[in-house]
Structure formats: C-alpha cells, structure tokens
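**Student:** A predicted structure for the sequence below; I have some questions about it.
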Amino acid sequence: MNREQLSQKIIDTCLEMTRLGLNQGTAGNVSVRYQDGMLITPTGMPYEKMNVDSIVYVDGNGNYEQEKLPSSEWHFHLAVYKARNDVDAVVHNHAVNCAAVSILEKSIPAIHYMIAVGGTDHIPCVPYATFGTHQLAEYVYQGIQESKAILLAHHGLIAAEKNLDKALWLAHEVEVLASWYIKLLATGLPIPTLSSDEMKIVLEKFKSYGLRVEE
Ligand SMILES: C[C@H](O)[C@@H](O)[C@@H](O)C(=O)COP(=O)(O)O
Ligand SMILES: [Zn+2]
C-alpha cells in the first residue's frame, strides 16, 4: 500500500476501534511501519475529524514533518518497531477493562487459553511512567519483547501485530480477557489459572493456527 492508502487504513482502524467500544474521546493512537519510521495519528485530534493529510510521518530518528504534530506517544510506537521485527502495526487505547486491570498494576494471568494471543502465557503490565516520555517508551521497549500485547500501568493497552487488522483484533481479544479478569477479581474467590504445561501446548498450536487466513 502507498502512503495515502496506509493513512486511510490508519483512520479506518481508529474509527473501528471506537465502534468496538475500545476507546473514548481523543484517547489512543495508531501507527504502521513505513520506510525507516512510521505513519502515525496526530496528537489530540478526534478520529472522525482526521483525513489522510492529518497522518504524520515520523522517521527512525524521531524527526517529523514540520507542519504536523504526531501523537504524543510517538516515542513508544517507534520503540515497538525497534524492539520487534515481526510487527508492522501498533494500536494503543484506554479500553475500559484493560485500563482497570492496569490501574491494579496487574498482569493478566492464564485464566483462559486465549491468553496465548500475545505470544506468551500472560499479558504483562509494564510500570507507570508519564505519557509521552522516554521512560514510558523504555518500559514499552522491554515489555513488548515479551508479548505483542502489554498493559501500561494506570494508562491502557498496546497491541502490536503484522498489520492493522490483526493489531485491532489483538486489542479486542485482550479487552475481552481483561473483562473476564475484572469479573473474576470482583468475586473475591481464588482464581484458578492454566498450568505452564497446558499453556505451552496452546502456544505451540497457535504458531500454525489461522495461517491460511490472508496476511
Ligand atoms: C493524554 C493522552 O491522551 C495520552 O494518554 C496518550 O497516551 C493518548 O492515548 C492519546 O494521545 P495523543 O492524542 O497524543 O495520541
Ligand atoms: Zn494513552
């Protein structure tokens, strides 16, 4: 896809993220890897007001087009692309249940086998740092190497995948997992989790699951 097509796809992904109930207001941001950097949503602009010219190119060194202002979180988006060669799209949101678990500063454990969607047996929660900072980007750089989906303490979710459709799908799956986890925590009962042996089986099966679906 060329720049214009990718920019439109970013906007469509943002609108779909809102439609799915994964975000509110101007929270969240979306990017795709492009050339030696990325194309990313602008800062503080409602998704429905964006057009392809609103999308900002940020190069691999963090330089961006003079007349535009990229998302305040461009540092952590770039950190994801530097940390992983196997992802080309990043979605960030403040989905209600993901944010709720992140406020508890908890990772989501193996309460259901679908926890394997991130590529490991839990969805990690990285420490809190102020939004838009190098410190937050550093935490993201470390955490995203462990899992393609991570919670940011007292903030929200990041999901990274091969393309925008998959990244949004991953974000949605993790929000469902987070909603189950919140319900389970509310019972006050002990929460059983799957063993690491069971999770190893699922993680292995996930390596070939759905591969026939067009990338
Ligand atoms: C204050 C921002 O909402 C911050 O939380 C950021 O993480 C976010 O989600 C949206 O910021 P941008 O509009 O700058 O992408
Ligand atoms: Zn945010």
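**Tutor:** Cool, the structure landed. Ligands and ions are numbered 1, 2, ... in the order given.

**Student:** In terms of secondary structure, what does the host helix or strand of Leu185 contact?
**Tutor:** According to DSSP states H and E, Leu185 maps onto helix 164-187. If you count contacts as 3 or more Cβ pairs under 8 Å, 6 or more residues apart in numbering; DSSP states H and E, helix 164-187 packs onto helix 3-19, strand 29-34, strand 89-93, helix 96-103, strand 149-152, strand 156-161. C-beta here means a position set from N, CA and C on the backbone, and glycine is covered the same way.

**Student:** Report the buried residues of it.
**Tutor:** By 16 or more other Cβ atoms under 10 Å, the buried positions in helix 164-187 come out as 164-175, 177-179, 181-182.

**Student:** Equivalent analysis for stretch 106-120, please.
**Tutor:** For stretch 106-120, burial by neighbour count (16+ other Cβ under 10 Å) applies to 106-111, 113, 115-118, 120.

**Student:** farthest pair in the residues you listed?
**Tutor:** Farthest pair in those (Cβ to Cβ) is Lys106 and Tyr113. Separation: 19.2 Å.

**Student:** Asn63: neighbour count?
**Tutor:** By other Cβ atoms under 10 Å, 10 other residues sit near Asn63.

**Student:** OK, contacts around it?
**Tutor:** Not one residue lies near Asn63 by Cβ atoms under 8 Å, 6 or more residues apart in numbering.

**Student:** quick one: low-confidence ranges for this protein?
**Tutor:** 211-215 (pLDDT under 70).

**Student:** Could you pick out the residues of it near ligand 1 for me?
**Tutor:** 26-29, 41, 43-44, 71-73, 92, 131 (Cβ under 6 Å from any ligand atom).

**Student:** rerun at 8 Å
**Tutor:** Taking Cβ under 8 Å from any ligand atom as the measure of proximity, the chain contacts ligand 1 at 25-29, 41-45, 70-73, 92-94, 131-132, 155-156.

**Student:** tell me the contacts of Val90?
**Tutor:** 30-32, 38, 77, 80-81, 158-160, 167.

**Student:** Kindly state the beta-bridge partners for it.
**Tutor:** Taking DSSP bridges as the rule, Val90 bridges to Ser31, Ala160.

**Student:** State the distance from it to Asp36.
**Tutor:** Applying Cβ to Cβ, to the nearest Å, the value for Val90 to Asp36 is 16 Å.

**Student:** again with Ser107
**Tutor:** Distance from Ser107 to Asp36, counting by Cβ to Cβ: 33 Å.

**Student:** Ok, Val101 next?
**Tutor:** 35 Å.

**Student:** again with Leu69
**Tutor:** From Leu69 across to Asp36, the span is 20 Å (Cβ to Cβ).

**Student:** Which one's more surrounded, these two?
**Tutor:** Set side by side, Leu69 and Asp36 show more neighbours around Leu69, with 15 against 9, by other Cβ under 10 Å.

**Student:** didn't that one look like it was pressed against Thr41?
**Tutor:** No - Leu69 lies out of contact with Thr41 (Cβ atoms under 8 Å); the separation is 10.5 Å.
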